[in-house]
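Trainee: Prediction below, plus the sequence it came from.
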Amino acid sequence: MQLVLHTGVHFTEDERLLKCLLRNQDEFAEAGVRVPGPSTYRTLFRDTLNAMHKTEPSEVARDVLLDAILDEGRAERVILSDANFFRSPATALRHGMLYPAAPVRMRRMARLFPEDEIRVFMAIRNPATLVPMLFEKAADQSPEGCWGDRGPEDLRWSETIAQIRETAPEMPITVWCNEDAPLIWAELIREMAGLASETKIKGAFDLLHAIMSAEGMQRFRAYLRSHPDMSEVQKRRVITAFLDKFALEDEIEEEIDMPGWTEDLVAEMTAAYDADVEVIRAMPGVTLITP
């Protein structure tokens, strides 16, 4: 069986993406793809992964988990979404690393499902905008707890991803930048479900609707109806053009409020993030989805 883990990360449209997946669950089921409701597995997996800190899973753990998730049904592909797969926001930033628990958590998942094909799907976002929100939730806000001997400019998503790959090399990872999500939303849903590129998706423009004015969405949908044969690349160009004119500034502007941070530091972190995305693009076993 293929097990798709959407691991967030936190503050990246993770719940909106899950809602879109659930909107399509009936159509997905016809292709052998199940999207269980989160209440059936989130607490269950969290408790199981935490318990593996002290003991190995039993031989029947996999079957027990799947029976609980699928209600004794069957599926060729199961999509699970939980931004806490890598643990909670309280420990997401430790000693200058993003999600340091992610490698061991994914290794534990591999031990739970040794005969299944596990695929990780995760969004990343500019640490300059993410860290202030993680810091607010951090269990340890001391300089040592958050940064160790590093600084904000040293944060690299590629470090976290490389450690997951090293710890669980059999687990391919698909990554995208949250900043690009409005342009690639439908592709993300299709990739998670393993569906062909021409498959119609309910809610393909859900995220766009949240950041574009009502007038803009009305004109955008009218434009799509009058150009039914556009390719995905052409649609993304059209989305970009409409966002340039009709985006809701309050929804796309991000206020950065972090004690001691300067505009120069934010610019340095943003440049480092852009460069890090190119590092991730070249990593073996990693697929980067871009517009």
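Mentor: Looks like it arrived, so ask away.
Trainee: continuing past the longest helix along the chain, what's the next helix or strand?
Mentor: Of all the elements of type helix in the chain, the one with the most residues (DSSP state H) is helix 263-281. Per DSSP states H and E, the first helix or strand lying C-terminal to helix 263-281 is strand 286-289.
Trainee: Counting by contacts, list what that following strand packs against.
Mentor: With contacts taken as 3 or more C-beta pairs under 8 Å, 6 or more residues apart in numbering; DSSP states H and E, strand 286-289 sits against strand 173-177, helix 181-193, helix 263-281. All C-beta spots, glycine's among them, are computed from the backbone N, C-alpha and C.
Trainee: What residues of stretch 39-52 count as buried?
Mentor: Buried residues in stretch 39-52, counted by 16 or more other C-beta atoms under 10 Å: 41, 42, 45, 48, 49, 52.
Trainee: need the contact list for the last one.
Mentor: The one in question is residue 52. Residue 52 makes contact with 108, 111, 112, according to C-beta atoms under 8 Å, 6 or more residues apart in numbering.
Trainee: Pull the distance from the longest helix of the chain to the chain's centre.
Mentor: Its chain's C-alpha centre and that of helix 263-281 lie 19 Å apart, by C-alpha atoms, centre = their mean, to the nearest Å.
Trainee: Next, the angle from it to strand 173-177.
Mentor: On the basis of axes from the mean of the first three to the mean of the last three C-alpha atoms, to 10 degrees, helix 263-281 is oriented at 150 degrees to strand 173-177.
Trainee: by contact count, what packs against helix 263-281?
Mentor: Helices and strands touching helix 263-281, by 3+ C-beta pairs under 8 Å, 6+ apart, are helix 127-137, helix 157-167, strand 286-289.
Trainee: Please enumerate residues in contact with the second one?
Mentor: Put plainly, it is helix 157-167. Outside of helix 157-167, the residues within contact range by C-beta under 8 Å, 6+ apart are 97-100, 102-104, 106-107, 120, 124, 127, 171, 173, 175, 273, 276-277, 279-280, 283-286.
Trainee: for it, the distance to its chain's centre please.
Mentor: Once both centres are worked out by C-alpha atoms, centre = their mean, helix 157-167 turns out to sit 15 Å from its chain's centre.
Trainee: Over to stretch 166-177?
Mentor: For stretch 166-177, the separation from the chain centroid amounts to 12 Å (computed by C-alpha atoms, centre = their mean).
Trainee: closest one to residue 185 among the helices and strands packed on helix 263-281?
Mentor: Proximity to residue 185 (C-beta to C-beta) singles out strand 286-289 among the helices and strands packed on helix 263-281, at 10.5 Å.
Trainee: ok, and for the longest strand along the chain, which residues are buried?
Mentor: Using DSSP state E, we find that the single longest strand of the chain is strand 117-124. Judged by neighbour count using 16+ other C-beta under 10 Å, the buried positions of strand 117-124 are 118, 119, 120, 121, 122, 123, 124.
Trainee: Dump those residues to CSV, plus pLDDT.
Mentor: As requested, the buried residues of strand 117-124 are exported to CSV (pLDDT from 0 to 100):
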residue, pLDDT
118, 98
119, 98
120, 98
121, 98
122, 98
123, 98
124, 98
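Trainee: Quick check: the farthest pair among these?
Mentor: Farthest pair in those (C-beta to C-beta) is 118 and 124. Separation: 19.1 Å.
Trainee: From the contacts of helix 157-167, list just the buried residues.
Mentor: Among the contacts of helix 157-167, those classed as buried by neighbour count (16+ other C-beta under 10 Å) are 97-100, 102-104, 106-107, 120, 124, 127, 171, 173, 175, 273, 276-277, 280, 286.
Trainee: I'd like to know how far residue 163 sits from residue 72.
Mentor: 36 Å (C-beta to C-beta, to the nearest Å).
Trainee: pretty sure residue 21 is in a strand, no?
Mentor: No - secondary structure of residue 21 (DSSP: H, G, I helix; E, B strand; the rest coil): helix, not part of a strand.
Trainee: Can you give me every residue that contacts it?
Mentor: Neighbour list for residue 21: 6, 28, 35, 79, 81, 189, 192, 193 [criterion: C-beta under 8 Å, 6+ apart].
Trainee: Between those, which sits nearest residue 223?
Mentor: Set against residue 223, the nearest of the contacts of residue 21 by C-beta to C-beta is residue 189 (21.5 Å).
Trainee: burial of the closest one, as a residue count?
Mentor: Counted with other C-beta atoms under 10 Å, residues neighbouring residue 189 total 23.
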